[in-house]
Structure formats: C-alpha cells, structure tokens
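>>> Below are the sequence and a predicted model; questions follow.
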Amino acid sequence: MERRRIRISETSKGQTVLASLQEQGIYMPAFCGGMGTCGKCRVRFTGDAPAPEEAERALLTPQEIGDGVRLACRTHAPAGALLELLSGDEDAIEAQTLIALGGPEDTPGASGLVTGTAAAVDLGTTTIAMSLVELPSGRVIGTAAGVNHQRAWGADVISRISAACNGKGGAMQESVFRDLALLRGKLGHPGSLPMVISGNTTMQHLLQGLSCRTLGTAPYTPVDISLHRYGEMTILPGISTYVGADIVSGIVACGMDRSEEICVLVDLGTNGEMAIGCRDGILCASTAAGPAFEGGNISCGTAGIPGAVCGVEIRDGKAMVETIGGAPPAGICGTGVVETVYELLKEGLMDETGLLEDEYCDDGFPLAPGVVFTGKDIREVQLAKAAVRAGLEVLIKEYGTDYDHIKKVWIAGGFGQKLNLEKAVGIGLLPEELMDRMEPVGNSSLAGAVMALRDPAAAERMEKTARAARETPLSGSAVFSELYMDCMFFPEQDGE
C-alpha cells in the first residue's frame, strides 16, 4: 500500500512531529494523547531519522528503528524533513447497520417541519455517524460514518478535556467541523444544512466551543446540556457530564421511557453508558470502559475499517480470522478483540486471570501476518469488561430489581450491533442470565437524532427524559470497586 508522504512545516521548530501535523491539519491517531504509550502514531523518515527515545525503543522493534520508524508524539523533527504516515486508513469506517431502530417507514415526519434536507448526527468519541433525512417525509436518504479525528488529541473524553483545557479546544472544534463536512460530502451534500446533534456531553461541548474546564473537575458540571440551538444545529439534551444526549436519544429510540416493564440499555463504547427503567423512572450510569472495544489501546488495534479482523476462531492452536470486507488483515477491531479473548480462554491458551501460556507471553498470540494479540491487550480487555459488567450490576442493584424482572436488554452502538453475544457473555462482559433477552439495536443515538428530525415531539420526549432520569455515580462507590475487582477475572471454562 502506498503511504502518504508529508513534509514537516517550516514553522514547526521545537515541536513534536505530532504537534506539527496537527498544526497542518493532518490527522494522526494518538490514543494515549501523545504520552508515548500506545505506539499508534508511527511515522517513517525517508532521510536521516532523529535518535529514538527510550519510550520508542520500548514500542518499536530494532528493525523498525533501523528503518527510520519513530513515534510522532516523541520525535522532534527538523523543519523540512520528509516522512511517511504509517497509520491505517481509518476514514473508511463501515456505515452498515448504523441505524437498526426507526426505519424510514416506521415514523413518518410530522406536519410543520421545514421542507428540504437535514442531517441527524451521532457525535461519538471514536466515530461520527450522519444520516441525511428528507423533510417533511422523514425518509432517510443515506447514512455514512467516519473517524472522529479528535483522536489526534487522545482516545477518550478525559484526554480531550485535558487537551481543551490546555489550549487545543479551538483546534478540536475545527477538527469536528471538518469531519462533519467530510460526511456531508460522502452523502452528496457538501453544503451547510440543518442538523440535529446527539452524542456525549464532552463531544457536544467541543463542537460548540464551550469550556470543558468544569467537565474534568468535581463536581463535574457541564456548561449546557439542555435542548437548545447552536447556529443551524439543534443540540439534543443530556443528563450529566458523563451521561449525555447519546444515552437519552437511545432511551427514547428504544421506547424505554414509555415501557410498562423494566428494560436495560447498554451502549458499548468508549464511555460505557447504560440505563435501566421504564415509564415509572429511569436510572443511568457511566463507566470508563476505555477504547479497547473500539480497537484503541490494543497493540494491533484499529477502527472498523476494511481489513480489520472482526471475527476469530481458534482450532488446534491456529487462528482463523474474518476481516471486514474480506480485505487482507490490517489490524483488529473491537468485535475481533472480544472474539480473540473468548477463543483464547475456550482453548485453554489463557487462564481465568488473563495469563497467556508461556509460548505466547513474550510476543503474543499470532492471529494473522502482522497481527498479534498480547498480554497487554488482554489487560485492556479486562479493564474494559470489568468496568461495564460492574457498572451494570450496580445499576440493577440500585434500581432495586434483579435479572428475573428485566424484560429486555438493548445492546446499542456500532460495536454492539456486530458483537457476538455468546462470546461477550463467555468472557463475562454481559450476564449469562440475560442472554435470551439481549437485542442488538445498532446506533440508537443516531436513531434518536433521526426521530427528533422527523418529529419535534421526540425531542420534547428527550428533554422530559433528561430532566426526570436519575444518575447513580460509580466513582467512589465501594460496591462498584469490589465488583470491579471481581469482574477482572474471566469465567471458568467447563472441562472437556
């Protein structure tokens, strides 16, 4: 594959390569926020390369270092240096099954809406999804998705908040505007148009240029999470800093706010938001799952691009993989991560503590040429799945119910749509007792935004839901902490 070549700006003296690229508006993933720990921001110098730092020696092989490969976040390159970007084509994220709720025929547009075209947007930490909607008919014209290029400032909301508080808020706002324009272009509508914006609270703040300073410090107070206008955009309401409009949109899209029976919504993304309840009351929580389920902080991790390993089966110690689009393996995405852990556990190549067999401890388990799964990757999955499972257990307990009284469990998000639920249960991410009531619903945040475009009454339902819902804090909860440690272990496998 031909690599993109970039010349370092003449104005970049004293900056890292990563900062120089950001200044030039060039995307480079930096899941760790430029701390030199994820190894994703790899570049190759075509001429003399700067001497590597110790952090680079820990993440790059001697051959890579000899070939001029360096980490953009740790390298200070002279102005005019020519280099190649080694990151994958993460703009090619699949848009399939992004909306599994509220198809075009389900909810006709309400009278009184403007005539023309508008966009519904789910503004996620990792991925941005957009649907064009014809008004007033409510017909979805098309849907597209792309990477949120703010990942150049870190993979999670904490990294983005920190970057915004350190003077990068304007650059991140410009980044998301460019991303929205790219998606409009993909959908054949490059010009401006009215939009309804769902998404988590931090992403909505960065979009509007609002201060993020209070988002990252107690008592974690957002500037504005109400239903309001921002230019041509309608910003959908959230519940708190860490339970945003995306979960509110999902609650309404799934119909939890009108359900007579208790239901659960779990949005499996970077933030791990979840809700439980019915029309009599809704309780929400958010847990810091991290980006492992979206390919982040995984040694060979990538977004859901063509070539990403999305399915894994291990037989006789050998991996057989499925890739998105049948393309040559280019990394491993979230569904592949879950399936790999399950298969390693099932085949006895990893124990309940997450320890790989000795043969694979140093170099990891090979999945495909150039794609391995390491002990560090397993630890990332343990942290993520323990956070989600412990959060869900606390939420059920705090609501005062149990598994027997839960009617439905909606699994939301693009990752959740393609997740093998049996394998997710097999690693302890989700409870086995609820397996028969789980239903993947795709991007419920985007579905809710589409609903709000079709009918203003849906936005009013979201505003009412956001005001009435309660949040249970997991940070500082002794029960959550205890469950979290227990959930780090994988379920024991039956002997064969």
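Now that the structure is in, tell me what you want to look at.
>>> Quick check: W410 touching C263?
Yes - with contacts counted by Cβ atoms under 8 Å, W410 reaches C263, the gap being 6.8 Å. Quick note: C-beta positions are derived from backbone N, CA and C, even for glycine.
>>> what's the single longest helix in the chain?
When the chain is scanned for its longest helix (criterion: DSSP state H), the result is helix 375-399.
>>> Can you tell me the strand partners of the next helix or strand after that helix and which way each runs?
With elements assigned by DSSP states H and E, the helix or strand that comes after helix 375-399 is strand 408-412. Here strand 408-412 is paired, per DSSP bridges, with strand 263-267 (parallel), strand 438-442 (parallel).
>>> okay, those, which one's buried deepest?
Stretch with highest mean neighbour count among those: strand 263-267 (a mean of 26; mean count of other Cβ atoms under 10 Å).
>>> For G326, what are phi and psi?
Reported as degrees, to the nearest 10, the phi and psi values for G326 are phi 70, psi 10.
>>> Same check on A119?
phi -120, psi 140.
>>> so what's it up against?
M130, S131, L132, V133, R184, L187, H189, L193, P194, M195, V196 (Cβ atoms under 8 Å, 6 or more residues apart in numbering).
>>> now that we have these, which one has the most neighbours?
V133 (30 neighbours; other Cβ atoms under 10 Å).
>>> Where in this protein is the helix or strand with the lowest mean pLDDT?
strand 5-7 (a mean of 75; mean pLDDT, DSSP states H and E).
>>> chain center to it, what's the gap?
29 Å (Cα atoms, centre = their mean, to the nearest Å).
>>> For the remainder of this discussion, apply numbering that starts at 455.
Noted, 455 is the first residue going forward, which turns the last one into strand 459-461.
>>> Would you mark the buried spots in that strand?
I460 (16 or more other Cβ atoms under 10 Å).
>>> just stretch 814-822 next, same as before
Y814, G818, F819, L821, A822.
>>> which one of those is nearest I689?
Distance to I689 across the buried residues of stretch 814-822 (Cβ to Cβ) is lowest for L821, with 41.2 Å.
>>> Isn't the closest one up against P783?
Yes - with contact defined as Cβ under 8 Å, L821 reaches P783; the gap is 7.3 Å.
>>> what do those two both touch?
V763, V775.
>>> any idea how far E886 lies from D831?
24 Å (Cβ to Cβ, to the nearest Å).
>>> Comparing the two, which residue is more hemmed in?
With neighbours defined as other Cβ under 10 Å, E886 and D831 compare such that D831 has more, 24 against 12.
>>> could you measure the more buried one against A906, distance?
Separation of D831 from A906 (Cβ to Cβ): 38 Å.
>>> hmm, back to that, the buried residues of stretch 814-822 in helices, which ones?
Taking DSSP H, the ones among the buried residues of stretch 814-822 that sit in helices are Y814.
>>> Kindly reformat the buried residues of stretch 814-822 as JSON lines and extend each row with pLDDT and distance to N725.
Below are these laid out as JSON lines (pLDDT from 0 to 100; distance: Cβ to Cβ, whole Å):
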{"residue": "Y814", "pLDDT": "94", "distance to N725": "31"}
{"residue": "G818", "pLDDT": "94", "distance to N725": "28"}
{"residue": "F819", "pLDDT": "96", "distance to N725": "29"}
{"residue": "L821", "pLDDT": "96", "distance to N725": "27"}
{"residue": "A822", "pLDDT": "94", "distance to N725": "30"}
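>>> Find the residues that touch each one of W864 and C717.
C708, M710.
>>> looking at the strands paired with strand 862-866, which has the lowest confidence?
Ranked by mean pLDDT, those end with strand 892-896 at the bottom, a mean of 92.
>>> mind saving the C-alpha coords of that strand as CSV?
Extracted C-alpha coordinates of strand 892-896, given in CSV (Å, rounded to 0.1, in the frame of the first residue of the first chain):
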residue,chain,number,x,y,z
MET,A,892,-30.5,-9.3,24.7
GLU,A,893,-31.2,-7.5,21.4
PRO,A,894,-28.6,-5.5,19.4
VAL,A,895,-30.2,-2.2,18.2
GLY,A,896,-27.4,-0.6,16.3
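>>> Check which helices and strands the helix or strand following that strand sits against.
For strand 892-896, the succeeding helix or strand toward the C-terminus, using DSSP H and E, is helix 898-908. Helices and strands touching helix 898-908, by 3 or more Cβ pairs under 8 Å, 6 or more residues apart in numbering; DSSP states H and E, are strand 570-577, strand 581-589, strand 649-653, helix 699-708, strand 717-721, strand 862-866, helix 910-922.
>>> Which residues belonging to helix 898-908 are considered buried?
Neighbour count says helix 898-908 has S898, S899, L900, A901, G902, A903, V904, M905, A906, L907, R908 buried, by 16+ other Cβ under 10 Å.
>>> G790 is in what secondary structure piece?
Using DSSP H and E, G790 sits within helix 788-800.
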